[in-house]
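Student: have a look at this fold, sequence not included:
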């Protein structure tokens, strides 16, 4: 908007943006071309908008402009088709913020080394865009965070621009709900929760997402929307902790937890299946509960239930290692020290290349700490990427899958149940297979070699 727009009031600014959203002449800016931002870019482009994708990684920017996808969960032909169709450009130049009518912030929100919220990416992004804002823009935070972040952290930084939120620019929150590798849902088909702290921003954010996704769910304000996302992931964390604890109990009783869960889920009401595993992974479920426990301390409210779930899930990899050690000594009379272990699956979930917070990284370090020699196979992760918590594992390469390679190992530990892995051959070639995901359920030959963990 040019200088003459300075006299236009907030309602007129909002109406102008609403019209641009309706006729798709608005330009959508998306900051962060990762697991959240890139799928959102594709959805916004498909809805008819021109999109500017911002990222600080030059390799991502160059690749996207050339039509290449850097995520296994985003097929390259979709990125190539978007580039060929026009209305998209990727850039690292924050000067182009002024070209966007809406600015969607999709940056990481990790934990610090002391397991406290790390909002450095949100703060840095806000500081970068504040001097470049213009009147009439809508800024939406999508990053998962604790209630109050949009209002108490993002808003003050944006207002260093000299513009007032609610009068000159509009601010809202809409939590991302991506599930990489899920073939049943994508960005456009997942309902979107939206919240804002004033009427005009609430109307604009609802209108924006209504053009992109199938359903919009408005809530009272930004803090409520922030709480929705935390609630969703804390629900998963607590229920996964429950089945991980049940696994330990039933294991001692000689009861197969997987058979119990398969039978329980036949009940058509009052039950939702969750499954045990070697620990939690991904950017959301292992991290988000700590955002709420940290914020709750400000209000003097204990979060015992959430923290207990965290303790159980954090201990899960250690239980798996103990089961492997017991199986080696009991079935093969072999010590873990010097044993050759194949870790099957490095990604945190099946059929993706995402290793963020993957329990496989913990398993590898713990096994090596106890003296084992560990290699890994993962069809989606050829090389372990750099991580803050496990820097010494970065750069390690997956083995090639072959009969000769498999037969070198004393035991295999299945940490991720990727489709396409030949678990029958794994069981045939490796003397001991410790399965944390029930990936070998269909294997018939050599079942005496398989141990559930």
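Tutor: It's in. In this text, all values refer to a predicted model and were calculated from it rather than measured experimentally.
Student: which other helices and strands contact the longest helix seen in the chain?
Tutor: Of all the elements of type helix in the chain, the one with the most residues (DSSP state H) is helix 222-253. Other helices and strands packing on helix 222-253, by 3 or more C-beta pairs under 8 Å, 6 or more residues apart in numbering; DSSP states H and E, are strand 170-173, strand 192-196, helix 257-264, helix 288-298, helix 304-331. All C-beta spots, glycine's among them, are computed from the backbone N, C-alpha and C.
Student: next helix or strand past the longest one?
Tutor: This points to helix 304-331. Downstream of helix 304-331, the first helix or strand assigned by DSSP states H and E is strand 340-344.
Student: what mean pLDDT does that following strand have?
Tutor: Regarding strand 340-344, the rounded mean pLDDT is 98.
Student: list the buried residues of the next helix or strand after that strand.
Tutor: Sequence-wise, the next helix or strand downstream of strand 340-344 (DSSP H and E) is helix 359-369. Applying a neighbour-count criterion of 16 or more other C-beta atoms under 10 Å, one finds 359-367 buried in helix 359-369.
Student: again with stretch 379-397
Tutor: Buried positions in stretch 379-397, judged by neighbour count with 16+ other C-beta under 10 Å: 379-381, 384, 390, 393.
Student: swap in stretch 59-67?
Tutor: In stretch 59-67, counting by 16+ other C-beta under 10 Å, buried: 60-61, 63-64, 67.
Student: quick one: which of those residues is nearest to residue 289?
Tutor: residue 60 (29.5 Å; C-beta to C-beta).
Student: tell me which element the closest one is part of?
Tutor: Using DSSP H and E, residue 60 falls in helix 58-65.
Student: which residues sit against that helix?
Tutor: Residues outside helix 58-65 that contact it (C-beta atoms under 8 Å, 6 or more residues apart in numbering) are 33, 38, 53, 55, 69-70, 79, 83, 89-92.
Student: let's go with 6 Å and repeat that
Tutor: Contacts of helix 58-65 from elsewhere in the structure, counted by C-beta atoms under 6 Å, 6 or more residues apart in numbering, are 33, 55, 70, 90, 92.
Student: by how many degrees do the helix or strand that it is followed by and helix 58-65 diverge?
Tutor: Per DSSP H and E, helix 58-65 leads on to helix 76-85 as the next helix or strand towards the C-terminus. Going by axes from the mean of the first three to the mean of the last three C-alpha atoms, to 10 degrees, helix 76-85 is angled at 70 degrees with respect to helix 58-65.
Student: buried set for stretch 165-184?
Tutor: For stretch 165-184, by 16+ other C-beta under 10 Å, it's 165-166, 168-181.
Student: and those, which two are furthest apart?
Tutor: Maximum pairwise distance among the buried residues of stretch 165-184 (C-beta to C-beta): 40.8 Å, between 168 and 181.
Student: run a quick neighbour tally on residue 28.
Tutor: Using other C-beta atoms under 10 Å, residue 28 has 29 other residues around it.
Student: how much space between residue 410 and residue 234?
Tutor: 39 Å (C-beta to C-beta, to the nearest Å).
Student: what about these two, which has more around it?
Tutor: The neighbour count for residue 410 versus residue 234, taken as other C-beta under 10 Å, is higher for residue 234 (23 against 18).
Student: surely that one meets residue 290?
Tutor: No - contact criterion C-beta atoms under 6 Å: residue 234 and residue 290 do not qualify, at 9.9 Å.
Student: okay, buried residues for the worst-scoring helix or strand of the chain on mean pLDDT please.
Tutor: Least confident element among the helices and strands of the chain, by mean pLDDT, DSSP states H and E: helix 288-298 (a mean of 90). Applying a neighbour-count criterion of 16+ other C-beta under 10 Å, one finds 288-296 buried in helix 288-298.
Student: okay, now the nearest residue to residue 213 once chain neighbours are set aside: neighbour count?
Tutor: Leaving aside its sequence neighbours, residue 213 sits nearest to residue 192 (C-beta to C-beta, 6 or more residues apart in numbering; 4.8 Å). As a burial measure, residue 192 scores 24 neighbours (other C-beta under 10 Å).
Student: can you check residue 191 too?
Tutor: Residue 191 has 12 nearby residues by other C-beta under 10 Å.
Student: cool, residue 85 as well?
Tutor: Other residues close to residue 85 by other C-beta under 10 Å number 10.
Student: again, but for residue 420
Tutor: Count around residue 420 with other C-beta under 10 Å applied: 8.
Student: adjust the sequence numbering to begin at 20 for everything that follows.
Tutor: That works, and once the first residue is 20, the last one we named lands at residue 439.
Student: grab the nearest non-local neighbour of it.
Tutor: Residue nearest to residue 439 in three dimensions, not counting chain neighbours: residue 398, with 6.1 Å by C-beta to C-beta, 6+ apart.
Student: now do the SS call for that neighbour.
Tutor: Three-state assignment for residue 398 (DSSP: H, G, I helix; E, B strand; the rest coil): coil.
Student: any idea of the pLDDT on it?
Tutor: At residue 398, pLDDT is 96.
Student: same question, residue 300
Tutor: 82.
Student: how about residue 200?
Tutor: Listed pLDDT for residue 200 reads 78.
Student: that one contacts residue 373, correct?
Tutor: No - Residue 200 is not in contact with residue 373 according to C-beta under 6 Å; the separation is 8.2 Å.
Student: next, the distance between the ends of stretch 434-446.
Tutor: End-to-end distance for stretch 434-446: 15 Å, by C-alpha to C-alpha, to the nearest Å.
Student: buried ones in that stretch?
Tutor: So stretch 434-446, judged by 16+ other C-beta under 10 Å, has buried residues 434-437, 440, 442, 445-446.
Student: so which of the residues you listed sit within helices?
Tutor: 442, 445-446.
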